[in-house]
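Sequence first, predicted coordinates after that:
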Amino acid sequence: MNAIERGATEPGPANQQSAELVRDLIRVLHVEDDPNCREAIADQLSDHGFVVRSFADAFSLADGLAVSSEADIILLDWDLPNISGIELLVELRQCGVNLPVVFLTGYGFTAQENLAFETGAVDFIDKARGVEILVRRLRRLLLKAPKSAAAPPSASLVVCGKLVLNPNAGRAYWNDFDVGLTLGEYNIVHLLASNAGRWVNYRAVYDRVHYEGFVGGSGTNGYRTNVRGIIKRLRKKFLRHDETFAEIENFVGFGYRWAKPTGAG
């Protein structure tokens with residue numbers, strides 16, 4: 001879908017005052033897959049003096065940024081087709097797009113709000129708050145954060161399908177909810193997800209929990225029993241949030257792997 005640009009005016013060379021006014025307007029890139037919501041927000045923000053370019057998905061936004069990166073802030077929905085808002089934020093940072101990002105979403109869960117901030121968003125706003133609150137928050141954010149501010153450290157996140165890992169905090173999220181892993185469990189998930197689609201042997205998994213060459217369990221291969229116990233606890237924690245969870249696969253006698261997300265190369 002083509003970008004929809006609202007609220008913009010084209011200043012003529014003879015109208016310097018109009019040109020300065022346009023430069024002072026807040027320019028927003030808004031990504032929202034619901035066409036009715038997308039149009040309503042664009043109209044309402046435009047009525048408050050914002051210049052809004054609206055996009056239906058991440059691919060449309062990428063096309064828009066390729067044409068022109070002139071903007072002050074990016075407004076993201078949480079649920080987007082093909083790629084979630086969180087994943088989009090990570091990819092934007094990895095591509096060098098350092099504009100401040102605000103989530104405008106119908107979700108109000110604390111876990112999702114925490115994840116948004118840990119990922120590098122500058123604000124998390126519930127759609128139910130209304131456009132007046134949205135307008136005030138956007139204006140205040142841009143007054144506080146100059147364009148030259150350093151980009152949020154979201155590029156360090158590991159995103160693998162529904163899984164988001166924050167190495168800085170040692171936290172794992174599945175379907176936007178904190179799984180509640182111990183440090184050892186987190187280290188195993190990080191190892192597996194970083195090698196998604198590739199088998200990791202029992203020894204490598206065990207070394208990640210302790211240290212390379214650590215001896216545990218009875219017998220030469222006793223550590224495998226410990227690894228199986230840890231993986232069993234891991235699966236249970238993920239299943240609490242998603243009863244269809246099946247990403248951790250077992251190669252009997254060898255080890256485990258994290259399944260590649262659907263559609264991944």
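That came through, no problem.

what's across from residue 255 in the sheet?
Following DSSP bridges, residue 255 is listed with bridge partners residue 201, residue 251.

Could you tell me the end-to-end distance of stretch 103-110?
13 Å (Cα to Cα, to the nearest Å).

What strand or helix carries residue 88?
Element membership for residue 88 (DSSP states H and E) is helix 85-94.

can you list contacts of that helix?
Contacting residues not belonging to helix 85-94 are listed as 31, 58, 61, 74, 76-80, 83, 99, 101, 103, 105, 115-116, 119-121, 151-152, 154-155, 157, 159, 164, 176 [Cβ atoms under 8 Å, 6 or more residues apart in numbering]. C-betas here are computed from N, CA, C, even on glycine.

Now do that helix: distance to the chain's middle.
Centroid separation for helix 85-94 versus its chain: 5 Å, with Cα atoms, centre = their mean, to the nearest Å.

buried sites along that helix?
For helix 85-94, the neighbour count (16 or more other Cβ atoms under 10 Å) marks 85-93 as buried.

same thing with stretch 64-82?
Across stretch 64-82, burial judged by 16+ other Cβ under 10 Å covers 64-65, 71-78, 80.

So which of the residues you listed is the closest to residue 239?
When these are compared for distance to residue 239 (Cβ to Cβ), residue 78 wins out at 23.1 Å.

Look up how far residue 176 lies from the closest one.
8 Å (Cβ to Cβ, to the nearest Å).

Show me whatever sits in contact with both of those two.
Residues touching both residue 78 and residue 176 (Cβ under 8 Å, 6+ apart) are 86, 107, 112.

Could you save those residues as a markdown table and add columns showing distance to residue 185 and pLDDT?
As requested, these are exported to a markdown table (distance: Cβ to Cβ, whole Å; pLDDT from 0 to 100):
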| residue | distance to residue 185 | pLDDT |
| --- | --- | --- |
| 86 | 21 | 84 |
| 107 | 26 | 72 |
| 112 | 22 | 81 |
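
before we move on, back to that, what about burial for the contacts of helix 85-94, which qualify?
Buried members of those, scored by 16+ other Cβ under 10 Å, are 31, 58, 61, 74, 76-78, 80, 99, 101, 103, 105, 115-116, 119-121, 152, 154-155, 157, 159, 164, 176.

Done for today, thanks.
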